[in-house]
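Student: Sequence and computational prediction follow.
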Amino acid sequence: MIYAEGLRRRYGAVDALKGVDLDVPQGTVCGLLGPNGAGKTTVVRILTTLLRPDGGTARVAGCDVVADADRLRYRIGLAGQHAAVDELLTGRRNLVMFGRLYHLPRRTARRRAGELLERFGLAEAADRPVKTYSGGMRRRLDLAASLIVAPPVLFLDEPTTGLDPRSRLALWDLLRELVSEGTTVLLTTQYLDEADHLADQIVVVDSGRVAASGSPSALKGKVGGGRVSIAFREAGDLSAGIEVVRGVLPGEPEIDRGERRLAVPVEDGAASLIKVATALDEVFLRLTEVTAA
Amino acid sequence: MTVLEPPATRLARLGWALADSLTIAGRTYSRLRAQPGELAGFLVFPIIMTVLFGYVFGSAITLPGGGDYRSYLMPGIFMQVAALTAVAAATAVSEDMALGLIDRFRAQPIARSAVLVGRSVADLSIHLLSVAMMALCGVVIAGWRPHGSPLETLAGFGLLALFAYAMIWIGTYIGLFVKNGAQADAATFGWLFPLTFLANAFVPLEGLPSWLRPIADWNPMSAVVSAARRLFGNPGSAAASWPLQHPVTSTLCWSVLILAVFVPLAVRRYRTATSR
Ligand SMILES: Nc1ncnc2c1ncn2[C@@H]1O[C@H](COP(=O)(O)OP(=O)(O)OP(=O)(O)O)[C@@H](O)[C@H]1O
Ligand SMILES: [Mg+2]
């Protein structure tokens, strides 16, 4: 449903994406996990037609993100990293407007708006201007706006940032329900537990690259059996890498100098992976891959 | 729910763009209803300008060729308010950008030009409301009258509206570049407001120092004011430059030129603009 190959994107001097691959089957959730500046938002923007990739190709719901953008836009919902709703209009008026802009008949747009306001616990505040909403309410309205046409593919950029625990759980429930009905979801998050709870597939992005991917259980590592393994391009980097890894992970690395590879047993693969990838990135070592199993 | 498809035929695409523009224009009206203070501002500013200039400066200024200063002034104020439509347009567009609303619009299947066209048309209609208010107030307070034929009067207002629409597009384009409303204000009002004074809007150009004179003579705003004065049959002053000798033609040319440049530029910018 979402397929990307070799996505690259620069912003002036910043190389934000250096070749990202994704493959998300229909009716599943893919969690893009990564630290600040990893490139998560950039991936979402490319897949939702907001940015053109400098290189690589991507298809969403069978539509090419560049060549077939108009058809694609009917098939996706987007909730960006910051709530994008009109502050002066009421919550209801916002949703009806977004519905109309998907070319829903007026009556359908009104009905959908009512349903979603109910669903997101905004029924009482529905007819107040958004500027009187709290941050979390705004966020929920924004999420509601992304669902106005019940799109087959949903993109959520850090959807639970700023939500209280109850709203967060409610959103998780809603997403599970949508997915069980066949919706495909790509969400970004900085929280491992969120990706763990929701995602069928976790893709760890770091410095514009996919640092690791796999199912949550594979990434988390079975107790006692989890390992993070890192392959380096140059022998010199391996020695430096060993020092870095010793600094961030408790386990003692097993080293294979011939293959320029090291592996560390860990308890929590994904968290360790992010730690390692970030630490290695800071010292600019050239990796060929980081995986957890 | 069934997934909709984009329209296949050219006619259907046009209908689509029109419907989207109307939805966006509707949004502008809803916003205005939500903040009546803003609307009051649009309507009161022209009245303040009329009274301020008409009575405060008017008492000190005598026209070289004779004629009533307040009648001379009204076309100048019409032009100034038309020129400043760019400020509101830039501010509103930049706020939509900063909020990420433009991102949301761009991720929806909206006709590429609709967001900007819808906004600009709504802005123009609000401007026309304030022009009507100004004209009324000119007639009642300042004793201003259009002396030409009804057709000429209509042409005068039409020309002013065309110029205002062109200015809205300049503002729209600038709004897509700046980061927030304050920057938008600085990037439009900052040069537009002085420029409205570097024209024949409030004082005859005869008194200007010779190095400033050519700027004022060739300032498109002077042409707009002269055109309005001619069509309304209001007092004007001698025209030394080609644009002021042919003010209607020059105003048409300027407005069309601005639109021909800034509409495509703004739409192109919109298609790739992302917040931040
Ligand atoms: N408009 C822009 N101009 C310049 N650089 C940008 C722009 N947008 C993003 N970047 C840079 O590109 C890189 C990736 O940014 P991106 O927003 O995709 O990261 P992210 O993973 O979403 O981070 P966060 O968790 O902070 O949201 C960062 O280094 C960022 O500074
Ligand atoms: Mg981000």
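Tutor: Arrived safely, thanks for sending. Ligands and ions are numbered 1, 2, ... in the order given.

Student: Work out which residue lies at the spatial centre of chain A.
Tutor: A:Thr188 (2.1 Å; Cα atoms, centre = their mean).

Student: A:Val264 belongs to a strand?
Tutor: Yes: secondary structure of A:Val264 (DSSP: H, G, I helix; E, B strand; the rest coil): part of a strand.

Student: of all of the stretch 151-293 of chain A, which residue lies closest to ligand 1?
Tutor: A:Gln190 (6.0 Å; Cβ to the nearest ligand atom). To be clear about C-beta, it is placed using only N, CA and C from the backbone, and glycine gets the same treatment.

Student: My understanding was that that residue contacts A:Gly34; is that so?
Tutor: Yes: at 7.5 Å, A:Gln190 and A:Gly34 qualify as touching, with contact defined as Cβ atoms under 8 Å.

Student: Which one of the two is surrounded by more residues?
Tutor: Remark: of A:Gln190 and A:Gly34, A:Gly34 carries more neighbours, 24 against 16, as counted by other Cβ atoms under 10 Å in any protein chain shown.

Student: For A:Val205, give me phi and psi.
Tutor: Phi and psi for A:Val205, reported as degrees, to the nearest 10, are phi -110, psi 140.

Student: what's the distance between the closest residue in space to it that isn't next to it in sequence and A:Val44?
Tutor: By the measure of Cβ to Cβ, 6 or more residues apart in numbering or on different chains, the closest residue to A:Val205 outside its immediate chain neighbours is A:Gly34, 3.9 Å from it. From A:Gly34 across to A:Val44, the span is 12 Å (Cβ to Cβ, to the nearest Å).

Student: can you give me the helices in chain A?
Tutor: Listed in chain order, the helices of chain A (DSSP state H) span A:40-47, A:69-73, A:91-101, A:106-119, A:135-146, A:165-180, A:192-198, A:216-220, A:235-248, A:269-282.

Student: Neighbours of the residue in the stretch 151-293 of chain A positioned nearest to chain B, how many?
Tutor: Residue nearest to chain B within the stretch 151-293 of chain A (Cβ to the nearest Cβ): A:Pro152, separated by 6.6 Å. By the measure other Cβ under 10 Å, the count of residues near A:Pro152 is 22.

Student: Model confidence at it, what's the number?
Tutor: At A:Pro152, the model reports a pLDDT of 94.

Student: thinking it is in contact with A:Glu181, fair?
Tutor: No: using Cβ under 8 Å, A:Pro152 and A:Glu181 do not qualify as a contacting pair, with a distance of 9.9 Å.

Student: for the lowest-mean-pLDDT helix or strand in chain B, which positions count as buried?
Tutor: Counting by mean pLDDT, DSSP states H and E, chain B has its least confident helix or strand at helix B:36-51, which shows a mean of 82. For helix B:36-51, a neighbour-count test (16 or more other Cβ atoms under 10 Å in any protein chain shown) marks B:Leu39, B:Phe42, B:Leu43, B:Phe45, B:Pro46, B:Ile47, B:Met49, B:Thr50 as buried.

Student: quick one: which two of those residues are the most distant?
Tutor: B:Leu39 and B:Thr50 (18.2 Å; Cβ to Cβ).

Student: Please tell me how far stretch A:127-143 is from the chain's geometric centre.
Tutor: 23 Å (Cα atoms, centre = their mean, to the nearest Å).

Student: got the CA coordinates for it in PDB?
Tutor: Only the C-alpha atoms of stretch A:127-143 are listed here, as PDB (Å, rounded to 0.1, in the frame of the first residue of the first chain):
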ATOM      1  CA  ASP A 127     -19.400  25.000  18.100                       C
ATOM      2  CA  ARG A 128     -16.700  27.000  19.900                       C
ATOM      3  CA  PRO A 129     -13.900  28.700  17.900                       C
ATOM      4  CA  VAL A 130     -10.800  26.600  17.900                       C
ATOM      5  CA  LYS A 131      -8.700  29.300  19.500                       C
ATOM      6  CA  THR A 132     -10.600  28.500  22.800                       C
ATOM      7  CA  TYR A 133      -9.400  24.800  22.600                       C
ATOM      8  CA  SER A 134      -6.600  23.400  24.600                       C
ATOM      9  CA  GLY A 135      -3.600  22.000  22.800                       C
ATOM     10  CA  GLY A 136      -4.800  18.400  23.100                       C
ATOM     11  CA  MET A 137      -8.300  19.300  21.900                       C
ATOM     12  CA  ARG A 138      -6.700  21.000  18.900                       C
ATOM     13  CA  ARG A 139      -4.600  17.900  18.200                       C
ATOM     14  CA  ARG A 140      -7.700  15.700  18.300                       C
ATOM     15  CA  LEU A 141      -9.500  18.000  15.900                       C
ATOM     16  CA  ASP A 142      -6.600  17.800  13.600                       C
ATOM     17  CA  LEU A 143      -6.700  14.000  13.800                       C
END
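
Student: wait, does that stretch contact chain B?
Tutor: Yes: using Cβ under 8 Å from any Cβ of the partner chain, we find that stretch A:127-143 touches chain B at A:Pro129.

Student: what residues does that stretch touch?
Tutor: A:79-80, A:83-92, A:94-95, A:120-122, A:125, A:156, A:159, A:161-164, A:167, A:171, B:34 (Cβ atoms under 8 Å, 6 or more residues apart in numbering or on different chains).

Student: What are the buried residues along it?
Tutor: Neighbour-count burial for stretch A:127-143, counted by 16+ other Cβ under 10 Å, picks out A:Pro129, A:Val130, A:Tyr133, A:Gly136, A:Met137, A:Arg138, A:Arg139, A:Arg140, A:Leu141, A:Asp142, A:Leu143.

Student: export those to JSON lines and tack on distance to B:Phe157?
Tutor: Below are the buried residues of stretch A:127-143 laid out as JSON lines (distance: Cβ to Cβ, whole Å):
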{"residue": "A:Pro129", "distance to B:Phe157": "35"}
{"residue": "A:Val130", "distance to B:Phe157": "37"}
{"residue": "A:Tyr133", "distance to B:Phe157": "42"}
{"residue": "A:Gly136", "distance to B:Phe157": "49"}
{"residue": "A:Met137", "distance to B:Phe157": "45"}
{"residue": "A:Arg138", "distance to B:Phe157": "42"}
{"residue": "A:Arg139", "distance to B:Phe157": "46"}
{"residue": "A:Arg140", "distance to B:Phe157": "47"}
{"residue": "A:Leu141", "distance to B:Phe157": "41"}
{"residue": "A:Asp142", "distance to B:Phe157": "42"}
{"residue": "A:Leu143", "distance to B:Phe157": "47"}
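
Student: Which two of those residues have the greatest separation?
Tutor: Maximum pairwise distance in the buried residues of stretch A:127-143, criterion Cβ to Cβ, is 18.7 Å, between A:Pro129 and A:Leu143.

Student: any low-confidence regions in the stretch 151-293 of chain A?
Tutor: Within the stretch 151-293 of chain A, the stretches with pLDDT under 70 are A:220-227, A:267-293.

Student: residue contacts, B:Arg145?
Tutor: Residues near B:Arg145 by Cβ under 8 Å, 6+ apart: B:Ser71, B:Val139.

Student: again, only this time at 7 Å
Tutor: B:Val139 (Cβ atoms under 7 Å, 6 or more residues apart in numbering or on different chains).

Student: wait, is it part of a strand?
Tutor: No: counting by three-state DSSP, B:Arg145 is located in no strand; its state is coil.

Student: can you list the residues of chain B near chain A?
Tutor: Contacts of chain B with chain A, taken as Cβ under 7 Å from any Cβ of the partner chain, map to B:1, B:3-6, B:16, B:20, B:23, B:27, B:30-31, B:34-35, B:99-101, B:103-104, B:106-110, B:274.

Student: and the gap between the residue nearest to B:Met134 when sequence neighbours are not counted and B:Ser59?
Tutor: Once flanking residues are discounted, B:Met134 sits nearest to B:Pro46: 3.8 Å by Cβ to Cβ, 6+ apart. Distance of B:Pro46 to B:Ser59, given as Cβ to Cβ: 20 Å.
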